[in-house]
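*Asks:* All I have is the shape, not the residue letters:
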Ligand code: ADP
Ligand code: MG
């Protein structure tokens, strides 16, 4: 069941300048979680604000359950929006904040429903507190309870975890994903944090300068980026060049297997964990360790071979000294990027 369809959504804030959002299209089914991931200024918030109705697109279409809502007011769309700063009513208690979202229900139904949402968010006992008497994480959950209490068809989250400290961010993110999955809520999350997008979403849309560069599962955008921007934005990568023929490509790190049918000059993206290091008996055809960073469960190495730098992530139980010679072995073939 298609929940939302966005067609060629475009927004120009100033005539003659580059579009803030440039022809974005995607479709989400009920219960899907999409993360729009990209650097600051790439148009994520503007995309969300157009979907919510706070901003009018210059062109394009937004369909909610098949109905064209592009020109409807925010109130006429059944969309919930959780802002970065939560936007709770400071003069209302937690219970009043949540009950406020239930104006569509009969008065007598509201107390029980309020209890339901607060309990689901682990906020029982805090009903009579005011927002400023809660921690950031608790306020975050109140904001979410209030949004879900309105029973929206779609929930929009704009960098919702950025005000939480690192440890709370991870648990809140996991709890929230589980909650959305349990309730079958359709969600669009906006973030500049690749780890957040990869762990939270079923689909990741990577944005760059107003465009959607790639829309795929987390595994695919990471392992099979469709271009160098996506490859780099999702983490460290090694870009290798070589001549392809018959399912093999000759590179500086040896002959690598790729999908058959690709012929000629190609560029490959290889993740640092797809490379493996072994001690080199001599410095012939070997790589030199330039730097080594200890990261707890692994080491992050920078190496140089024939004037080219490589990055490799290796388990911390075996380590190579800076200045030593190693062989770089490819564990996995990598993915071909278009030129
Ligand atoms: P993101 O959320 O990815 O950081 P935004 O959607 O906020 O990006 O912004 C995209 C681009 O649109 C930026 O260049 C920003 O300066 C511009 N922009 C956003 N809102 C407005 C506005 N109200 N008026 C003019 N320009 C805007
Ligand atoms: Mg933003």
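*Replies:* Arrived safely. Values in this document were obtained by computation on a predicted structure and should not be read as measured data. Ligands and ions are numbered 1, 2, ... in the order given.

*Asks:* pLDDT below threshold where in the chain?
*Replies:* Counting by pLDDT under 70, the low-confidence segments of the chain come to 339.

*Asks:* Quick check: buried residues in stretch 134-152?
*Replies:* Using 16 or more other Cβ atoms under 10 Å as the test for burial, stretch 134-152 gives 134, 137-150, 152. The C-beta positions use only the backbone N, C-alpha and C, and glycine is treated the same way.

*Asks:* and of the residues you listed, the nearest to residue 19?
*Replies:* Distance to residue 19, by Cβ to Cβ, is smallest for residue 152 among those, at 27.9 Å.

*Asks:* what sits against that closest one?
*Replies:* 78, 79, 80 (Cβ atoms under 8 Å, 6 or more residues apart in numbering).

*Asks:* The last one - that's part of a strand, no?
*Replies:* Yes - Residue 80: assigned to a strand according to DSSP: H, G, I helix; E, B strand; the rest coil.

*Asks:* Could you tell me which residues make contact with it?
*Replies:* Taking Cβ under 8 Å, 6+ apart as the test, what residue 80 contacts is 147, 148, 150, 152, 154, 155, 156.

*Asks:* if we can go back for a sec, quick one: mark the members of the buried residues of stretch 134-152 that sit in helices.
*Replies:* 137-149 (DSSP state H).

*Asks:* Turn these into TSV, including distance to residue 180.
*Replies:* Output for these, formatted as TSV (distance: Cβ to Cβ, whole Å):
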residue	distance to residue 180
137	17
138	19
139	19
140	14
141	13
142	17
143	14
144	10
145	13
146	15
147	11
148	9
149	15
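
*Asks:* And the helices in the chain, which stretches?
*Replies:* Using DSSP H, helices in the chain cover 44-52, 94-99, 110-120, 136-149, 166-183, 194-200, 218-223, 228-233.

*Asks:* what about the second one, distance to the chain center?
*Replies:* Looking back up the chat, that one is helix 94-99. 30 Å (Cα atoms, centre = their mean, to the nearest Å).

*Asks:* List the buried residues for that helix?
*Replies:* 94, 95, 97, 98, 99.

*Asks:* contacting residues around the last one?
*Replies:* Contacts were defined as Cβ under 8 Å, 6+ apart; by that measure residue 99 touches 110, 111, 114, 149.

*Asks:* Could you do residue 21 as well?
*Replies:* 9, 10, 11, 43, 46, 47, 50, 57, 210.

*Asks:* does residue 222 really touch residue 234, like I thought?
*Replies:* Yes - contact criterion Cβ atoms under 8 Å: residue 222 and residue 234 qualify, at 5.2 Å.

*Asks:* Spit out the residues that contact those two alike.
*Replies:* Common neighbours of residue 222 and residue 234, using Cβ under 8 Å, 6+ apart, are residue 198.

*Asks:* can you give me the end-to-end distance of stretch 192-206?
*Replies:* In stretch 192-206, first residue to last residue: 10 Å (Cα to Cα, to the nearest Å).

*Asks:* quick one: contacts of it?
*Replies:* 26, 28, 32-40, 44, 159, 161-162, 169, 173-174, 176-177, 189, 191, 212-218, 221-222, 229-230, 233-235.

*Asks:* Pull up the gap between residue 78 and ligand 1, please.
*Replies:* Going from residue 78 to ligand 1 by Cβ to the nearest ligand atom, to the nearest Å gives 23 Å.

*Asks:* That residue is in contact with residue 156, isn't it?
*Replies:* No - using Cβ under 8 Å, residue 78 makes no contact with residue 156, being 11.7 Å away.

*Asks:* Give me the more crowded residue out of those two.
*Replies:* residue 156 (23 against 14; other Cβ atoms under 10 Å).

*Asks:* if we can go back for a sec, can you flag the buried ones in the contacts of residue 99?
*Replies:* 110, 114, 149.

*Asks:* got a markdown table for those residues, with distance to residue 282 too?
*Replies:* Formatted as a markdown table, these follow (distance: Cβ to Cβ, whole Å):
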| residue | distance to residue 282 |
| --- | --- |
| 110 | 77 |
| 114 | 73 |
| 149 | 69 |
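
*Asks:* now residue 322, nearest residue through space, not along the chain?
*Replies:* residue 289 (5.1 Å; Cβ to Cβ, 6 or more residues apart in numbering).

*Asks:* Now do the contacts for the one you found.
*Replies:* Residue 289 makes contacts with 301, 302, 303, 320, 321, 322, 323, 324, 325, 326, as judged by Cβ under 8 Å, 6+ apart.

*Asks:* list the contacts for residue 168?
*Replies:* 136, 137.

*Asks:* roughly how far apart are residue 42 and residue 174?
*Replies:* 26 Å (Cβ to Cβ, to the nearest Å).

*Asks:* of the contacts of residue 99, closest to residue 15?
*Replies:* Nearest to residue 15 among the contacts of residue 99: residue 149, at 41.1 Å, using Cβ to Cβ.

*Asks:* Next up, the contacts around the closest one.
*Replies:* By Cβ under 8 Å, 6+ apart, residue 149 lies in contact with 98, 99, 101, 102, 113, 114, 117.
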